[in-house]
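Novice: Fold the following and give me the result.
(one chain, ligands or ions: 1)
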Amino acid sequence: MAKREFEKKILCIGAGYVGGPTMAMIAAKCPQYEVTVVDVDPARIAAWQSDSLPIYEPGLLEVVKKARGNNLMFSTEIEANIRKADIIFVSVNTPTKTFGDGAGRAADLQYWEKTARSILSAAESDKIIVEKSTLPVRTAKAMARILNANESGFHFEVLSNPEFLAEGTAVADLENPDRVLIGSRENEQGLKARAQVVDIYANWVPRKRIITSNVWSAELSKLVANAFLAQRISSINSISALCEKTEANVVEVAHAIGMDSRIGSRFLDAGVGFGGSCFKKDILNLVYICEHYGLNEVAQYWESVVKINEYQEQRFVRTMVKVMFNTVAGKRIAIFGFAFKKDTGDTRESPAIYVTKQLCAEKAGVVIFDPKALDNAKRDLRGLEDYVEFTDDPYAAAKGSHAIAVLTEWELFAALDYQRIYDSMEKPAFIFDGRNILDHQALYEIGFSVFPIGKPALKHF
Ligand SMILES: NC(=O)c1ccc[n+]([C@@H]2O[C@H](COP(=O)([O-])OP(=O)(O)OC[C@H]3O[C@@H](n4cnc5c(N)ncnc54)[C@H](O)[C@@H]3O)[C@@H](O)[C@H]2O)c1
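Specialist: Here you go, the predicted model:
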């Protein structure tokens with residue numbers, strides 16, 4: 001049988017939370033393109049080739065299965081795939097630097113630069129390089145310099161196409177994005193390359209939602225979008241602390257302000273704090289860039305968003321210890337939810353990591369239940385095995401516990417039999433609802449003392 005000819009060959013370097021789902025969606029929507037995803041991690045690639053994907057996202061397996069083997073491939077052969085690609089998306093990790101100048105703030109670009117050098121050494125023709133990773137503003141310039149400092153005469157046009165998907169809703173976000181942003185140089189070569197990337201998305205995204213800009217605006221917009229989203233959470237969380245002092249109810253306050261169409265109602269749920277791999281790192285990156293340009297007041301403004309988040313996590317644990325008679329030593333505490341949000345197994349920067357570690361430092365025994373994140377939780381808590389247990393049964397987690405802390409808004413938590421749970425716990429039994437998802441009055445009537453976020457506590461003493 002003759003080998004099928006594809007219109008375009010698309011490669012993505014980096015098969016993580018972004019590379020895997022975005023490329024699966026492109027492949028599913030564009031059968032005329034060949035899409036290959038490569039990674040340096042053979043275990044990750046093997047998982048993408050199996051039915052047990054390396055990440056949990058509702059609906060993702062169906063999208064992958066639709067395209068895999070037809071026009072979607074996962075591979076560890078990086079160089080050969082670079083050679084045959086027309087367009088290369090790069091979605092490698094860009095964590096916060098942990099060493100040297102800018103440690104704890106700047107983005108660590110070593111994986112990104114390695115990728116650029118692999119492209120340079122393997123390429124045998126002109127390529128369009130698309131930044132999918134979140135990068136500091138003006139990175140494309142450095143990349144273009146590295147890539148075009150070659151004697152081969154090949155041209156590499158660097159574009160920015162930041163990814164706005166949210167974990168937990170990645171498939172829906174990719175299928176029906178609020179917008180797709182493509183930044184390029186605004187000269188002939190840049191605009192030509194931009195048109196090619198626009199054409200990919202135009203296979204399923206309405207044209208009016210595909211927006212274009214210069215490269216710097218595209219790079220910066222991603223950092224700013226995450227900074228604004230995180231800022232809303234920190235704003236409402238800061239108000240939750242005031243509500244707890246004044247008997248105002250943060251849910252009522254959020255509802256009242258959210259009905260103002262200028263404010264809007266989304267992303268106003270107070271809780272134990274935001275997590276995820278991106279918010280903190282992207283804000284710190286923004287802070288670093290502002291400091292670099294001498295914009296110290298701007299840097300401080302955005303840094304306070306991260307500080308309020310840390311304060312909220314600390315406040316949560318302090319309340320737990322204080323309420324439980326100023327000691328949790330030797331007490332058993334059940335943690336409901338370890339993922340940083342519902343519908344994902346991702347635990348990167350999850351508030352549950354801080355809360356669990358603090359409770360262990362206070363010498364509590366902690367037992368963790370999460371429907372999807374236990375493997376990651378075990379990795380995050382390595383070294384604390386003397387204090388921590390893991391279970392896939394919430395009733396077993398609660399049995400014999402003095403308290404339950406709800407740290408992820410998994411819907412299943414609201415549907416549990418809390419009378420059964422109460423009967424199996426030590427008394428007095430406490431619930432600290434770090435996501436305000438339970439029926440607090442009903443829990444109180446069962447006999448629990450209930451401590452929500454930003455709402456009056458319901459106490460039996
Ligand atoms: N996770 C999200 O929700 C999200 C959303 C939008 C944007 N982003 C951004 O996208 C980028 C990727 O994030 P992620 O969550 O997918 O990260 P990830 O850690 O899940 O995946 C990155 C992958 O890149 C691979 N990799 C690293 N260096 C490589 C190299 N030289 N060659 C080939 N593969 C290499 C790693 O092995 C890893 O599998 C980051 O810049 C992040 O800020 C993430």
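Novice: pLDDT score assigned to the residue lying closest to residue 117 once chain neighbours are set aside?
Specialist: Leaving aside its sequence neighbours, residue 117 sits nearest to residue 146 (CB to CB, 6 or more residues apart in numbering; 6.9 Å). Backbone N, C-alpha and C define where each C-beta goes, glycine included. Note on residue 146: pLDDT of 87.
Novice: Please enumerate residues in contact with the helix or strand of the chain with the lowest mean pLDDT?
Specialist: Every helix and strand in the chain was compared by mean pLDDT, DSSP states H and E; the lowest is helix 139-148, with a mean of 86. Outside helix 139-148, the residues that touch it by CB atoms under 8 Å, 6 or more residues apart in numbering are 109, 112-113, 116-117, 119-120, 129, 131, 155-160, 183, 215-216, 219.
Novice: how about a cut-off of 6 Å?
Specialist: Helix 139-148 has contacts (CB atoms under 6 Å, 6 or more residues apart in numbering) with 116, 120, 156, 158, 160, 215.
Novice: Could you give the number of residues near the second one?
Specialist: For residue 120, the number of neighbouring residues by other CB atoms under 10 Å comes to 18.
Novice: I'd like the distance between it and the ligand.
Specialist: Separation of residue 120 from the ligand (CB to the nearest ligand atom, to the nearest Å): 12 Å.
Novice: now do the first one
Specialist: Noted for residue 116: a distance of 9 Å to the ligand, by CB to the nearest ligand atom.
Novice: Which secondary structure state does that residue sit in?
Specialist: Following DSSP: H, G, I helix; E, B strand; the rest coil, the label given to residue 116 is helix.
Novice: Now it: closest residue in space that isn't a chain neighbour?
Specialist: Of all residues not flanking residue 116 in the chain, residue 146 sits nearest, at 4.9 Å (CB to CB, 6+ apart).
Novice: Can you point out the buried residues in the lengthiest helix in the chain?
Specialist: For the chain, the helix that runs over the most residues, judged by DSSP state H, is helix 215-246. Along helix 215-246, these residues count as buried under the neighbour rule (16 or more other CB atoms under 10 Å): 215, 218-227, 229-241, 243-244.
Novice: which element follows the helix or strand where residue 74 lies toward the C-terminus?
Specialist: Here residue 74 is covered by strand 72-75, with elements defined by DSSP states H and E. As assigned by DSSP H and E, the chain's next helix or strand after strand 72-75 is helix 78-84.
Novice: helices and strands around the very next helix or strand once past that next one, which ones?
Specialist: Remark: after helix 78-84, the chain's next helix or strand is strand 87-90, criterion DSSP H and E. Under the contact definition 3 or more CB pairs under 6 Å, 6 or more residues apart in numbering; DSSP states H and E, strand 87-90 sits against strand 8-13, strand 127-131.
Novice: The longest one vs strand 127-131, what angle?
Specialist: Looking back up the chat, that one is strand 8-13. 40 degrees (axes from the mean of the first three to the mean of the last three CA atoms, to 10 degrees).
Novice: For the most centrally placed residue in the chain, give its distance to the ligand.
Specialist: The centroid of the chain falls nearest to residue 276 when counting by CA atoms, centre = their mean (3.8 Å). As judged by CB to the nearest ligand atom, residue 276 and the ligand stand 7 Å apart.
Novice: For that residue, which non-adjacent residue is spatially closest?
Specialist: Nearest residue to residue 276, sequence neighbours excluded (CB to CB, 6+ apart): residue 340, at 4.8 Å.
Novice: can you give me the strands for the stretch 251-400 of the chain?
Specialist: 332-336, 365-369, 388-391 (DSSP state E, counting those that start in this stretch).
Novice: May I see those strands arranged in CSV, with mean neighbour count, mean pLDDT and distance to residue 28 as well?
Specialist: Converted to CSV, those look like this (neighbours: other CB atoms under 10 Å; pLDDT from 0 to 100; distance: least, CB to CB, whole Å):
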stretch, mean neighbour count, mean pLDDT, distance to residue 28
strand 332-336, 25, 98, 35
strand 365-369, 24, 98, 34
strand 388-391, 18, 98, 35
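Novice: want to throw those into TSV with distance to residue 286?
Specialist: What follows is the strands of the stretch 251-400 of the chain, written out as TSV (distance: least, CB to CB, whole Å):
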stretch	distance to residue 286
strand 332-336	31
strand 365-369	33
strand 388-391	34
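Novice: For residue 249, which of these is the nearest?
Specialist: Nearest to residue 249 among these is strand 332-336; the distance by CB to CB comes to 22.3 Å.
Novice: In this structure residue 227 contacts residue 284, no?
Specialist: No. The criterion here is CB atoms under 6 Å, and residue 227 misses it with residue 284 at 10.1 Å.
Novice: Closest residue of the stretch 151-300 of the chain to the ligand?
Specialist: Relative to the ligand, the nearest point of the stretch 151-300 of the chain is residue 163 (4.1 Å; CB to the nearest ligand atom).
Novice: need the contact list for that residue.
Specialist: By CB under 6 Å, 6+ apart, the neighbours of residue 163 are 18, 132.
Novice: Kindly report the same for residue 404.
Specialist: 334, 336, 398, 431.
Novice: just residue 238 next, same as before
Specialist: Taking CB under 6 Å, 6+ apart as the test, what residue 238 contacts is residue 308.
Novice: make it 10 Å
Specialist: Listed by CB atoms under 10 Å, 6 or more residues apart in numbering, the contact partners of residue 238 are 270, 304, 305, 308, 309, 311, 312, 454.
Novice: what do you get for residue 284?
Specialist: Contacts of residue 284 (CB under 10 Å, 6+ apart): 96, 97, 102, 104, 105, 106, 107, 299, 302, 303, 306.
Novice: tell me the two of the residues you listed that are most distant?
Specialist: 97 and 302 (17.4 Å).
Novice: Pick out whichever of the two has more residues nearby.
Specialist: residue 302 (23 against 20).
Novice: so the more buried one touches residue 279, yeah?
Specialist: No. Judged on CB atoms under 10 Å, residue 302 makes no contact with residue 279 at a distance of 11.2 Å.
Novice: between the two, what contacts are shared?
Specialist: With CB under 10 Å, 6+ apart, residue 302 and residue 279 have common neighbours 227, 230, 231.
Novice: which residues sit in contact with the last one?
Specialist: Same thing as residue 231. Contact partners of residue 231, counting by CB under 10 Å, 6+ apart, are 267, 279, 283, 301, 302, 304, 305, 308.
Novice: Write out the residues of the stretch 1-150 of the chain neighbouring the ligand.
Specialist: Within the stretch 1-150 of the chain, the positions lying close to the ligand (CB under 6 Å from any ligand atom) are 13-19, 38-41, 44, 78, 91-94, 111, 114-115, 133-134.
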